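> Sequence plus the predicted model coming up.
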Amino acid sequence: MSKQVIEYRGLPVGIVVPDEGRLRFIAVKFHVHDLDGHCFGSQAEVLTAIHTLLSRAGDGSRAA
């Protein structure tokens, strides 16, 4: 697996890169920077974490 772009609500917000059998998230948008460097088991876990983060921040309607 190579790096893959992660989109949230149609906008690219970061990439994931393989890291010892997991996916390390690299944020490219400020709104998801709190997740930068975190490792996840799947892309679905990344998207769930992004959704949770933005919903908690009251910013679920915008990702850019």
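Received it, and whenever you're ready, just let me know what you need.
> Pass me the low-pLDDT residue ranges in the chain, would you?
Scanning the chain for pLDDT under 70 picks out the ranges 1, 59-64.
> Kindly recompute the last result at 80.
Counting by pLDDT under 80, the chain shows low-confidence ranges at 1, 58-64.
> Now the residue located most distally from the centre of it, what are its backbone angles?
Most distant residue from the mean C-alpha position of the chain: Glu20, 17.9 Å away (C-alpha atoms, centre = their mean). For Glu20, the backbone dihedrals (degrees, to the nearest 10) come out as phi 50, psi 50.
> Repeat that for Leu11.
phi -120, psi 130.
> do Val32 as well
Dihedral pair for Val32: phi -110, psi 10, per degrees, to the nearest 10.
> Report the contact partners of the spatially closest residue to it that is not a sequence neighbour.
By the measure of C-beta to C-beta, 6 or more residues apart in numbering, the closest residue to Val32 outside its immediate chain neighbours is Val13, 4.9 Å from it. (C-beta placed from N, C-alpha, C; glycine too.) Contacts for Val13 (C-beta atoms under 8 Å, 6 or more residues apart in numbering) come out as 6-7, 27-29, 31-32, 50, 63-64.
> What strand or helix carries Val13?
Val13 belongs to strand 11-19 when elements are defined using DSSP states H and E.
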